[in-house]
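Asker: I'll drop the sequence and a predicted model, then ask my questions.
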Amino acid sequence: MAAIIWDQRLETGCAGLDEQHRTLIDTFNRLCALAGRAERNRDELEGCLIFLRDFTLVHLELEQELMARHGYPFEAEHRRLHSELARDLEGIVDGFRRGENELSPVTLEYLDDWLQRHIREEDFRLAEFLSRAEAQTRG
């Protein structure tokens, strides 16, 4: 799996979100590199996967706090997507721990697609809304 390259197509313009998105992408890229090794280190893979899950949850909390604070009109749908990802990540971690999921290309492809699509669609819409809300507050 190819690494996700950070560029302007992923930059929302919201510094806090972008900083956390970079960490998520860096962690995902590290996970892919570890999974692609001929000799995998399960402990290292598990640690990276757990960090990805835990940091994702922290990131989703930030987004949800911002949505609630600013009255984001698409909050319910955005939260639903977050809940699905959190559930899926928990299942991936649990499956890996039980030896049922070895971080297959299909699993990594799912995470890659979810991360990039969510940033480019949902998080861009949220960032635009937050930018407008801040402008109105200042103006």
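Answerer: Arrived safely, thanks for sending. Bear in mind that the values here come from a model prediction, so they are computed numbers and not experimental data.
Asker: mind checking how far the nearest residue to residue 40 once chain neighbours are set aside is from residue 100?
Answerer: Spatial nearest neighbour of residue 40, excluding adjacent residues (C-beta to C-beta, 6 or more residues apart in numbering): residue 34 at 6.9 Å. Quick note: C-beta positions are derived from backbone N, CA and C, even for glycine. Applying C-beta to C-beta, to the nearest Å, the value for residue 34 to residue 100 is 18 Å.
Asker: more neighbours: the two, which one.
Answerer: A side-by-side neighbour count of residue 34 and residue 100, using other C-beta atoms under 10 Å, places residue 34 first with 18 against 9.
Asker: which helix or strand contains the more buried one?
Answerer: Assigned by DSSP states H and E, residue 34 falls within helix 15-35.
Asker: which regions of this protein sit below the pLDDT cut-off?
Answerer: 139 (pLDDT under 70).
Asker: where do the helices sit along it?
Answerer: In the chain, the segments counted as helices under DSSP state H are 15-35, 42-70, 75-98, 105-118, 124-138.
Asker: would you turn these into TSV with distance to residue 5?
Answerer: Shown next, in TSV, are those (distance: least, C-beta to C-beta, whole Å):
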stretch	distance to residue 5
helix 15-35	9
helix 42-70	18
helix 75-98	22
helix 105-118	10
helix 124-138	17
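Asker: closest to residue 4 out of the ones you listed?
Answerer: Smallest distance to residue 4 across the helices of the chain (C-beta to C-beta): 4.9 Å, for helix 15-35.
Asker: what packs against the closest one?
Answerer: helix 42-70, helix 105-118 (3 or more C-beta pairs under 8 Å, 6 or more residues apart in numbering; DSSP states H and E).
Asker: would CSV of those helices with distance to residue 14 and mean neighbour count be doable?
Answerer: CSV is the format used below for the helices and strands packed on helix 15-35 (distance: least, C-beta to C-beta, whole Å; neighbours: other C-beta atoms under 10 Å):
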stretch, distance to residue 14, mean neighbour count
helix 42-70, 8, 16
helix 105-118, 14, 16
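Asker: now the ones you listed in TSV, with distance to residue 138?
Answerer: TSV is the format used below for the helices and strands packed on helix 15-35 (distance: least, C-beta to C-beta, whole Å):
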stretch	distance to residue 138
helix 42-70	13
helix 105-118	28
